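> Dropping a prediction and its sequence here:
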Amino acid sequence: MDAELRSALPRRVCGEPFHPRSLRTIREIIAADPDACRARLTERACEALGWRDVRGRLKRMGGAKALLEFHRRGWIELPPPRSRGHGAVRRTPPLEYTPPADGITGPLRALGPIEIRPVATSAESRLWNGLIGHYHYQGYTPLCGAQIRYLVHSARGLLGAMSFSAAACALRARDRFIGWSVAARSRQRMLIVNHSRFLILPWVRVPHLASHLLARAARCVPEDFAQRYGYHPVLLESFVETPRFAGTCYRAANWICAGHTRGRGRGDRRSAREVREHPAPLPIKAIWLYPLRRDWRERLCAGGAA
């Protein structure tokens, strides 16, 4: 394996250290059964490399994403997909969904009871994907890692959608605010959850609804993650693109602005020199954090000296 490939490999995949021999293991798995489908190869790679969650379950989703990225980079050769996959995900709401003709307006109390329901059925999944794909400015892309998607309902109709998924791997301003070491971050990053999508449908015009939903979500996310993944997150993070948005609803819901990103995405592998020469290929975003318990910093910093 040449030095250029070694330097390009990620340091961690699915929360586990990744070495050149890990890539060799994946290549050997593919070579041993060239007729296997991608799902079976992902399962075998997860088993061989110990890609498991806290409950011991294989990280099939994260593993599949990692293998697909390696395939796109030319590091491995996966067999052709046997299903339509994510590329065929619906970008518009299903035909059976009809927006209200008159919109939803008025004070917050006029909405009646508001429910933030986890997506639980294939129909709800199609609806969530379609709403985000059609109405959210970032569109639909598959979420990363552990995740929960929600639909927001009221007596007057559907209000919006949101999601929480895996936190950013490394983020200078956030990590300085937390004060943790690299070792602690590698062990405890799963305890941070990213508020990855937040959509209030365009015909819903209700003052203070956004901050109300943020406060409600902060109360239900920890238990929902515990039920699905076996652990309670201790901190929420979110990224607000500037100057497109001011982050007013996060401030109103008592989130903390911890700084700004440097315009680097999750898969950015550029060198320090390349970053200096081209510092912001992506929009700069404000980093907002919300502690879910009083000892959040102690929990995150456990496992390594700051």
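Noted; the coordinates are in hand.
> Which parts of the stretch 1-150 of the chain are strands?
For the stretch 1-150 of the chain, applying DSSP state E, counting those that start in this stretch gives strands covering 12-13, 16-17, 104-105, 114-118, 148-154.
> hang on, I meant the stretch 151-300 of the chain
Going by DSSP E, counting those that start in this stretch, the stretch 151-300 of the chain shows strands at 157-166, 192-200, 204-205, 235-241, 256-260, 285-291.
> could these go into CSV alongside mean pLDDT and distance to Gly247?
Heads up, the C-betas are built off the backbone N, CA and C, glycines and all. Formatted as CSV, the strands of the stretch 151-300 of the chain follow (pLDDT from 0 to 100; distance: least, Cβ to Cβ, whole Å):
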stretch, mean pLDDT, distance to Gly247
strand 157-166, 96, 16
strand 192-200, 97, 11
strand 204-205, 96, 19
strand 235-241, 96, 4
strand 256-260, 95, 7
strand 285-291, 96, 5
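> want to throw those into CSV with mean neighbour count and distance to Glu43?
Formatted as CSV, those follow (neighbours: other Cβ atoms under 10 Å; distance: least, Cβ to Cβ, whole Å):
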stretch, mean neighbour count, distance to Glu43
strand 157-166, 21, 20
strand 192-200, 22, 26
strand 204-205, 17, 42
strand 235-241, 20, 30
strand 256-260, 15, 38
strand 285-291, 20, 35
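> of all those, which lies closest to Ser122?
With Cβ to Cβ, the closest approach to Ser122 among the strands of the stretch 151-300 of the chain belongs to strand 157-166: 15.7 Å.
> what comes into contact with the closest one?
97, 100, 104, 111, 114, 116, 128, 131-132, 143-153, 190, 193-201, 204, 206, 209, 213, 217, 221, 225, 236 (Cβ atoms under 8 Å, 6 or more residues apart in numbering).
> on that earlier part again, in CSV: the strands of the stretch 151-300 of the chain, plus distance to Ala36.
Below are the strands of the stretch 151-300 of the chain laid out as CSV (distance: least, Cβ to Cβ, whole Å):
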stretch, distance to Ala36
strand 157-166, 27
strand 192-200, 31
strand 204-205, 47
strand 235-241, 37
strand 256-260, 44
strand 285-291, 40
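> coming back round to it: counting neighbours, which of the contacts of strand 157-166 end up buried?
Buried subset of the contacts of strand 157-166 (neighbour count, 16 or more other Cβ atoms under 10 Å): 104, 111, 114, 116, 128, 131-132, 143-153, 190, 193-201, 204, 206, 209, 213, 217, 221, 225, 236.
> related to what we said a few turns ago, can you say which of the strands of the stretch 1-150 of the chain is nearest to Gly63?
Of the strands of the stretch 1-150 of the chain, nearest to Gly63 by Cβ to Cβ is strand 12-13, at 8.1 Å.
> So in terms of bridging, what pairs with Cys288?
Quick fix: residue 288 is Trp, not Cys. Using DSSP bridges, the beta-bridge partners of Trp288 come out as Ser238, Cys257.
> So it versus Gly160, what's the distance?
Plainly put, Trp288 is 18 Å away from Gly160 if you go by Cβ to Cβ, to the nearest Å.
> Report the contact partners of Asn194.
Counting by Cβ under 8 Å, 6+ apart, Asn194 makes contact with Cys144, Phe164, Ser165, Ala166, Ala167, Ala168, Leu236, Glu237, Ser238, Phe239.
> so who does the closest residue to Leu68 other than its chain neighbours touch?
Closest residue to Leu68 apart from its sequence neighbours, by Cβ to Cβ, 6 or more residues apart in numbering: Leu78 at 7.2 Å. Counting by Cβ under 8 Å, 6+ apart, Leu78 touches Ile30, Arg38, Leu41, Leu67, Leu68, His71.
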